[in-house]
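Student: sequence? don't have it. structure:
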Ligand code: CMC
């Protein structure tokens, strides 16, 4: 095994070679397959970006049309999966519902599990694509059902003729198919949000995807595990945590006292800091402009005043300057989601839908990697050894 390196949190460990996403954390650069995130957010659509991430190149017209059709033809979920969703408590967290439901998908499509099917799906591109269509197609439906469940309304069937984002907005909210037309600014804003959340190299949930899929388990189980990692407040759950923090601060006068507590390490400034970015997160810049578009349409969210002042004060404070802590993608996304009418606990769900494209891109790259080995880190054992078992009656 050679020399073991102690590296808690994998600060300095590269576990794979990848061609998907490039980040320069010092200069605030993010590229998917070589394309700057700013260009993609401005010009592309989420499904096109998903294709780019998974297959490596931008699709031509014919490929894009087929891709859209394939994904939109897989939006319906099995009736029994709907029954499963209906069995959750009325106030179940939508992220818990999403994780469980995606995991349950593995029981509906056993051909995805090499151990059960006796087929090596990893040598069969068609079979692999089928799982990709299903996961990308059904995730928004599961997410919308989770939302409808939470508000106690019947679930809406998807409309496959709508675009990916339009259909998601429709399933969330609409009672009537005939008069439904989401405002194009909202659809475009959500699509942009999906684009910038689609991948971010080996963030914790994508590293989880790499780890789980190194066992060759089916992709539904691997996506459920990745979504579990994303749910945590230090990762995608930060979107939710930021909004709760801003609400708790309540007004600009309370910010200095809050920052004092952060500096005393009693609290964390949620939505700040990043393992890789040691300058401004480029996604946070894009989000600021989307925020403006949403505010122009729907009016300014009062939490924005607190967020802006919090950012200003933090960025002029030596605690944050010395540690190179800047706003990350989660700092502004929650305010946008809130302004669009999403409840706070839907935020990590809204992060998971697009991130599934990144997880799947890493799934494909991982299992196609001739150098892939099962992930199995080592530990430095500090516990006792050589103990003698003491029968229960002889213990103090
Ligand atoms: N508030 C206050 N102090 C912080 C923060 C923060 N948000 N983030 C880091 N620090 C401090 C940390 O205490 C440490 O200080 P010291 O050197 O005195 O011990 C120093 O900065 C370095 O931090 P770290 O914990 O070693 O950094 P990390 O790379 O392990 O953690 C992080 C990265 C994102 C988990 C962390 O910055 C954090 O907890 N941020 C708040 C949660 C958050 O916004 N998460 C979303 C991340 S971006 C999108 C995503 O992945 O979903």
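Tutor: It's in. It should be emphasised that the depicted structure is a prediction, and the values quoted were computed from it without experimental measurement.

Student: quick one: contacts of stretch 93-108?
Tutor: Contacts with stretch 93-108, where a contact means Cβ atoms under 8 Å, 6 or more residues apart in numbering, come from 77-78, 80-81, 84-85, 88, 112-113, 134-135, 138-139, 142-143, 145-147, 149-150, 218, 220-221, 223-224, 227-228, 231, 237, 345-346, 348-349, 352. Using the backbone N, CA and C atoms, a C-beta is placed for each residue, glycine as well.

Student: cool, and stretch 267-285?
Tutor: Residues outside stretch 267-285 that contact it (Cβ under 8 Å, 6+ apart): 9, 11, 23, 25-30, 37-38, 196-197, 201, 233, 238-239, 241-242, 245, 258-259, 261-262, 310, 314, 320, 323-332, 334.

Student: rerun that using 6 Å as the cut-off
Tutor: Contact partners of stretch 267-285, identified using Cβ atoms under 6 Å, 6 or more residues apart in numbering, comprise 23, 25-26, 28, 30, 37, 196, 238, 241-242, 245, 261-262, 324-331.

Student: same for the ligand: which of the contacts of stretch 93-108 are within range?
Tutor: Applying Cβ under 6 Å from any ligand atom, the subset of those adjacent to the ligand is empty.

Student: Just the buried ones out of those, please.
Tutor: In terms of neighbour count (16 or more other Cβ atoms under 10 Å), the buried residues within the contacts of stretch 93-108 are 77, 81, 84-85, 88, 112-113, 134-135, 138-139, 142-143, 145-147, 149-150, 218, 220-221, 223-224, 227-228, 231, 237, 345-346, 348-349, 352.

Student: which one is the residue in the stretch 1-150 of the chain positioned nearest to the ligand nearest to, not counting chain neighbours?
Tutor: Nearest residue of the stretch 1-150 of the chain to the ligand, counting by Cβ to the nearest ligand atom: residue 9, 5.6 Å away. Leaving aside its sequence neighbours, residue 9 sits nearest to residue 275 (Cβ to Cβ, 6 or more residues apart in numbering; 8.0 Å).

Student: Quick one: neighbours of the residue nearest to residue 192 when sequence neighbours are not counted, just the number.
Tutor: Residue nearest to residue 192 in three dimensions, not counting chain neighbours: residue 41, with 5.1 Å by Cβ to Cβ, 6+ apart. Residue 41: 22 surrounding residues under other Cβ atoms under 10 Å.

Student: can you list contacts of the host helix or strand of residue 41?
Tutor: Following DSSP states H and E, one finds residue 41 within helix 37-43. If you take Cβ under 6 Å, 6+ apart as the criterion, helix 37-43 is touched by 30, 49, 192, 195, 196, 282, 286.

Student: Are the host helix or strand of residue 239 and the ligand in contact anywhere?
Tutor: For residue 239, the element it lies in under DSSP H and E is helix 238-249. Yes. Residues of helix 238-249 are located near the ligand by Cβ under 6 Å from any ligand atom, namely residue 238.

Student: neighbours around residue 215, how many?
Tutor: Residues contacting residue 215 under the criterion other Cβ under 10 Å number 12.

Student: tell me the SS of it?
Tutor: coil (DSSP: H, G, I helix; E, B strand; the rest coil).

Student: about what we covered before: and the residue nearest to residue 9, that one's in a strand?
Tutor: No. Counting by three-state DSSP, residue 275 is not found in a strand; it is coil.

Student: And it, how close does it get to residue 288?
Tutor: 22 Å (Cβ to Cβ, to the nearest Å).

Student: swap in residue 48?
Tutor: Distance from residue 48 to residue 288, by Cβ to Cβ: 23 Å.

Student: between the two, who's got more neighbours?
Tutor: Neighbours per residue (other Cβ under 10 Å) separate residue 48 from residue 288, with residue 48 holding more: 19 against 16.

Student: ok, and does stretch 19-39 reach over to the ligand?
Tutor: No. For stretch 19-39, no contact with the ligand is found by Cβ under 6 Å from any ligand atom; the gap never falls below 10.3 Å.

Student: Up against the ligand, what does the stretch 1-150 of the chain have?
Tutor: Going by Cβ under 6 Å from any ligand atom, the residues of the stretch 1-150 of the chain near the ligand are residue 9.
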